[in-house]
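In: below is the structure, and that's it, no one-letter string:
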DNA sequence: ATCTACACCTGACCGC
DNA sequence: TGCGGTCAGGTGTAGA
């Protein structure tokens, strides 16, 4: 399930392999992946073809690519990608002449390039990076693959979003890093954002009667956290998911936000969490953070912290908002009342 | 305004 | 073998 570390891993892959390349053609295999692009598949193809991928950005679980016009100017709309539950972006480099003999024949490389993933929904045909008019050089395919079609791609106009902490920049001189797609503007800055504002999060905690996990999952309060990392952060902070957010002390809030930040960072360093083939990086490789999980998916297994203390308590799985929550019954006690 | 419920989706798995 | 039910769960929106 792509959450912040998985999306950031994908963003880094796109930045490394695809940024700078012109879009030669777009192939829409399943229009449902463009549900949020109101002009439809034909409008999507027309908007992208001839523009080049310029920069790769992310906020929370949203990823977007800025675009360059043929004359090099920044386009006024960006390509937004959300991976949903099962989305992937895969980079396939066109087999070139510089294949080393170790990696097999050109025919094998060509076959791998031509192989179509089962749930391919949209394919961008990219040219070589650099001079966008060139027709020679190694091309690439950027594939949007999505089994369940909860994710999607669409174009959204860029609007200014300058954080107060950045000082006042006049609208005319807003740099690309202070532009955000209109469709992403309601998403709060995530804990890995340099302008993440813990005090603003605390104020929102105090204004709601909801349980803390529900609030952690609210992308307009703090973004990038999904079910897995919410459970992991709550385990680290020894908090029960139902504890009302407004009852957290300043210290508990600080510790919880530190735990969220830490677990996201650690997972990113491991390349994300992969339970199955549904989450992979742009090269199709799995992350290995799953082995570091303390709560999520560990029902019936011993709590690591309790085991350390010479105590045996087993992680429990409980229904929570039409999904599951995992916690240690000893470390994460239910709140007194409600 | 704030919150809840549901729709959107496919595939793996389970009990009968 | 097949078939219906359940689960996985992020997001946007309709409705309360």
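Out: Received the coordinates, thanks. These figures come from a predicted structure and were not determined experimentally. Numbering: from 1, shown residues only, chains lettered A, B, ... in the order given.

In: please count neighbours and contacts with C-alpha atoms only from this point.
Out: OK.

In: where does pLDDT dip in the stretch 151-300 of chain A?
Out: A:168-173, A:276-277 (pLDDT under 70).

In: residues in it within reach of DNA strand B, list them.
Out: Proximity of the stretch 151-300 of chain A to DNA strand B, by C-alpha under 7 Å from any atom of the strand, involves residues A:208-210.

In: ok, and the most crowded of those residues?
Out: Highest neighbour count within these: residue A:210, with 16 neighbours (other C-alpha atoms under 10 Å).

In: which bits of chain A sit near DNA strand C?
Out: So chain A meets DNA strand C at A:1-3, A:60-62, A:82, A:84-85, A:148, A:150, A:183-184, A:217, A:219, A:224, A:226-228, A:322-324 (C-alpha under 7 Å from any atom of the strand).

In: make a ChimeraX selection of the buried ones in those residues.
Out: Buried members of the residues of chain A next to DNA strand C, defined by 16 or more other C-alpha atoms under 10 Å, are picked up in ChimeraX with:
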select /A:1,2,3,60,61,62,82,84,85,183,184,217,219,224,226,227,228
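
In: just the residues of chain A next to DNA strand C: which are in strands?
Out: Of those, the ones assigned to strands by DSSP state E are A:62, A:82, A:323-324.

In: where's the dip in pLDDT among those residues?
Out: Ranked by pLDDT, those bottom out at residue A:323 (85).

In: and residue A:118, how far is that from residue A:34?
Out: 18 Å (C-alpha to C-alpha, to the nearest Å).

In: with neighbour numbers in mind, choose between the two.
Out: residue A:34 (22 against 9).

In: ok, now which ones touch that one?
Out: By C-alpha atoms under 8 Å, 6 or more residues apart in numbering, residue A:34 lies in contact with A:40-41, A:152-154.

In: again, 10 Å this time
Out: A:28, A:40-41, A:44, A:81, A:121-122, A:149, A:151-155 (C-alpha atoms under 10 Å, 6 or more residues apart in numbering).

In: got it, and residue A:310?
Out: residue A:304.

In: that's a helix at it, yeah?
Out: No - counting by DSSP: H, G, I helix; E, B strand; the rest coil, residue A:310 is not part of a helix but coil.
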